[in-house]
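[1] I would like the atomic coordinates for the input below:
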Amino acid sequence: MADIKPIDLKKPTVFILGAGASNPYGLPLGTELKAKMISSLSNPDCQSILRKNGFDKSLVDDFVQALSGTYHPTIDIFLEKKTEFRSLGSYLIAYTLLPMENHHNLLPQRDWYEHLYTVIDFEHEEPDTENIVFVSLNYDRSLEHFLAKNIKFNCPSKVIQQAESKLNSLNIIHAHGSLGNYPELPYGENPVKPDVLRRASEGIRIVSDRLEDSEDFQSSKAAISIASNIVFIGFGYDSYTLQSLIQDINLSDLVHHLPDLADQECHLTLWRHGLVSQHAPGFYRPYLRTVHLQRGVVSAGLVNWPHGQSGLLVLASTTVHARMIICS
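    Numbering: from 1, shown residues only. Down below sits the predicted model:
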């Protein structure tokens, strides 16, 4: 079977990061976040902090009962259905996630962040990070903190300024908002501080919000529309999110065949949106590679984007350790 060349980072490249991308560093998947929030609510201190931030006891009590009893698998879906809890939900998301932004889970280097850091090569001018965009669908700032601290701790002193300049030109967009601008609001800041919790909660969006009014979401779509390479990492291919990201992009001339997805539901979602063929003829198999990793499967295939540039589309299952997808 022919091997696929590594991604050419000299071409416009977008990494789309789902919850599985942060999961190796102690951050929860969607279903896990809901469970963590329920656990937080069982703590009287948490309920007290929420009341101090302006949420009355009856609303907090109703929220506890509803979230504990709902069958909706993620907090996003729950808040979409139960709009009266939208603001309270943002505060609780921030309260739950901020302590999970743990510096010690990121360093020393490991997993796919380690490989990414090596590939970007901050000690040299190439590859040019102006061609690279990260579209994170996560609220945490683990990638920003990891890259900043690794430059500080590992780069030779004589190239620190160059490395920091290269990092500053790297565009990391949180399409659904974040726990606050980094490093203005420090990584893993204490959510007990009222101002911290307020600032973190204000940055959070959910998929049912008017994302068309979000500058970050529009910037994400613009980056995807001109990309030669698109890499999905730890992304569950949620139909609503996928449709929102690609709905204005012409995919009619897109050529790609990726039959070896482990999750058939993910495959069907992608097929409905024109991102994979329903059946891949044997003719294309020499152009495909499937990499079996510890917790999932990565499928990669050659792809031609509508504007005529060749690239690589890589699909990773939700909880995959995806460090291999950008290596030779």
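
[2] Which residue is the nearest non-sequential neighbour of Thr13?
    Closest residue to Thr13 apart from its sequence neighbours, by C-beta to C-beta, 6 or more residues apart in numbering: Asn229 at 4.1 Å. In short, each C-beta sits where N, CA and C put it, glycine included.

[3] got the buried residues for the helix or strand harbouring Asn150?
    Per DSSP states H and E, Asn150 falls inside helix 142-154. For helix 142-154, the neighbour count (16 or more other C-beta atoms under 10 Å) marks 142-148, 150-151 as buried.

[4] so what does that helix touch, helix or strand wise?
    In terms of contacts (3 or more C-beta pairs under 8 Å, 6 or more residues apart in numbering; DSSP states H and E), helix 142-154 is packed against helix 19-22, helix 111-120, helix 160-168.

[5] tell me the strands in the chain, going along the chain?
    13-17, 132-136, 171-174, 229-233, 288-293, 296-304, 310-316 (DSSP state E).

[6] mind listing the helices in the stretch 1-150 of the chain by residue range?
    Assigned by DSSP state H, counting those that start in this stretch, the stretch 1-150 of the chain shows helices spanning 19-22, 30-41, 44-52, 57-69, 75-81, 86-97, 111-120, 142-154.

[7] can you list contacts of the fourth one?
    Around helix 57-69, the neighbours that count as contacts under C-beta atoms under 8 Å, 6 or more residues apart in numbering are 34, 37-38, 41, 47, 50-51, 75, 78, 82, 84-85, 88-89, 92.

[8] Please pick the buried ones from the residues you listed.
    34, 37-38, 41, 47, 50, 75, 78, 82, 85, 88-89, 92.

[9] Using JSON lines, please lay out those residues together with pLDDT.
    Below are the buried ones among the contacts of helix 57-69 laid out as JSON lines (pLDDT from 0 to 100):
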{"residue": "Lys34", "pLDDT": "90"}
{"residue": "Met37", "pLDDT": "92"}
{"residue": "Ile38", "pLDDT": "90"}
{"residue": "Leu41", "pLDDT": "88"}
{"residue": "Gln47", "pLDDT": "87"}
{"residue": "Leu50", "pLDDT": "91"}
{"residue": "Ile75", "pLDDT": "88"}
{"residue": "Phe78", "pLDDT": "90"}
{"residue": "Lys82", "pLDDT": "92"}
{"residue": "Phe85", "pLDDT": "94"}
{"residue": "Leu88", "pLDDT": "95"}
{"residue": "Gly89", "pLDDT": "94"}
{"residue": "Leu92", "pLDDT": "95"}
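
[10] Could you save the residues you listed as JSON lines and add columns showing distance to Leu17?
    Output for the buried ones among the contacts of helix 57-69, formatted as JSON lines (distance: C-beta to C-beta, whole Å):
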{"residue": "Lys34", "distance to Leu17": "20"}
{"residue": "Met37", "distance to Leu17": "21"}
{"residue": "Ile38", "distance to Leu17": "25"}
{"residue": "Leu41", "distance to Leu17": "28"}
{"residue": "Gln47", "distance to Leu17": "32"}
{"residue": "Leu50", "distance to Leu17": "29"}
{"residue": "Ile75", "distance to Leu17": "18"}
{"residue": "Phe78", "distance to Leu17": "22"}
{"residue": "Lys82", "distance to Leu17": "27"}
{"residue": "Phe85", "distance to Leu17": "26"}
{"residue": "Leu88", "distance to Leu17": "27"}
{"residue": "Gly89", "distance to Leu17": "22"}
{"residue": "Leu92", "distance to Leu17": "23"}
